[in-house]
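In: The sequence isn't on hand, but the structure is:
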């Protein structure tokens, strides 16, 4: 992604402040906005707290042809050590509306909050969101899922700003939702399709039954996943009919380490930052796991995490 010069950073930052009232920072370190806690700087960084600001800054970037990247909770994301060129926007728009059996949530709402909000209102269907460390925008963008459920199963529609700048209401079929996949993931670099908000159709249920389901998910995560450690969530998609974690574990790759990155001793489909890991460490370890599985089992594991930013040429597209 094209980098902004210091002069461009200064001018664009000033324009954003004057036109939108949004403060920006230059060369902002991004590791603290990533659950893996790795990543270099953003050329220009801004935080938006409502849909008005989000719409405005997306339009600004489109009009000026500035490369744009959005971050929510920063899970499922490995930011390169070189950082991200252009404008990086942290989305904190977190409005919620409940209309009967439907919940409409802005892009920055945490999926875990949706799960507990459903319980409070006796609405079931989003309990799996408790196991997703991301926010609504990213969850829709990736069709995130867990515990046998996914976003596509409960989503009725999403408001999306396309690469052409037009705002549309799209359903799951319009977005080509499949296992951990949507058409939104394949927009041109620097011109993403931006999810503004999404509406979910749920079913009435007793709050106690929902609470029991949430408790079961919470206990499972505590017993099987490296909760409290720095990770990006599941590294690989499960191959059809099998489990990536089971295959990796079977090949004796738990605790395999490169630099500060380690295959989790608790769950083999997680890579954790044990302290001081670089993005390059994480990617090298992931590639080592992929190559071992390919060589020993003839299975090509697909990454579920996204590698973003500027990477050495030899790693592009891998």
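Out: Arrived safely. Predicted model, so just to flag it, every value in this text is computed and none were measured. Residues are numbered from 1 along each chain as shown.

In: Spatially nearest residue to residue 103, not counting backbone neighbours?
Out: Once flanking residues are discounted, residue 103 sits nearest to residue 200: 5.1 Å by CB to CB, 6 or more residues apart in numbering. C-beta here means a position set from N, CA and C on the backbone, and glycine is covered the same way.

In: That neighbour should be in a strand, yeah?
Out: Yes - the secondary structure assignment for residue 200 places it in a strand, going by DSSP: H, G, I helix; E, B strand; the rest coil.

In: Neighbours of it, how many?
Out: Residues within reach of residue 200, counting by other CB atoms under 10 Å, total 24.

In: show me where the stretch 1-150 of the chain has helices.
Out: Assigned by DSSP state H, counting those that start in this stretch, the helices in the stretch 1-150 of the chain fall at 6-20, 51-64, 111-120, 136-142.

In: before we move on, back to that, isn't the residue nearest to residue 103 right next to residue 152, touching?
Out: No - in this structure, residue 200 is not within contact of residue 152 by CB atoms under 8 Å, at 10.7 Å.

In: quick one on the thing from earlier: could you give the bridge partners of the residue nearest to residue 103?
Out: Residues in a beta bridge with residue 200, per DSSP bridges, are residue 103, residue 155.

In: And the pLDDT for it?
Out: The predicted structure scores residue 200 at 98 on the pLDDT scale.

In: Now do the contacts for it.
Out: When contacts are counted by CB atoms under 8 Å, 6 or more residues apart in numbering, residue 200 is found next to 102-105, 114, 125-126, 154-156.

In: now do 10 Å
Out: Residue 200 makes contact with 101-105, 114, 118, 123, 125-126, 129, 136, 140, 151, 153-158 under the criterion CB atoms under 10 Å, 6 or more residues apart in numbering.

In: before we move on, what about residue 281?
Out: When contacts are counted by CB under 10 Å, 6+ apart, residue 281 touches 38, 81, 257-262, 271, 273-274.

In: Can you list the helices and strands that the lowest-mean-pLDDT helix or strand in the chain packs against?
Out: Least confident helix or strand of the chain, by mean pLDDT, DSSP states H and E, is strand 145-146 with a mean of 93. Packed against strand 145-146, as judged by 3 or more CB pairs under 10 Å, 6 or more residues apart in numbering; DSSP states H and E, are the following elements: helix 207-224.

In: what about the helix it packs on, distance to the chain center?
Out: For helix 207-224, the distance between its averaged C-alpha position and the chain's averaged C-alpha position is 23 Å (CA atoms, centre = their mean, to the nearest Å).

In: And the contacts of it?
Out: With contacts defined as CB under 10 Å, 6+ apart, helix 207-224 is touched by 112, 115-116, 118-131, 146-147, 202, 205-206, 227-228, 245, 266-267, 270.

In: one more time with 7 Å
Out: 115, 118-119, 122, 124, 127, 130-131, 147, 227, 266-267 (CB atoms under 7 Å, 6 or more residues apart in numbering).

In: Which ChimeraX command selects the buried ones in those residues?
Out: To isolate the buried ones among those in ChimeraX, judged by 16 or more other CB atoms under 10 Å, type:
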select :115,118,119,122,124,127,130,131,147,266,267
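
In: among the contacts of helix 207-224, which two are most distant?
Out: The two members of the contacts of helix 207-224 with the most space between them (CB to CB) are 122 and 266, at 33.8 Å.

In: what about residue 233, how many neighbours?
Out: Applying other CB under 10 Å, we find 22 residues neighbouring residue 233.

In: Look up how far residue 264 lies from it.
Out: Computed with CB to CB, to the nearest Å, the distance linking residue 233 and residue 264 is 11 Å.
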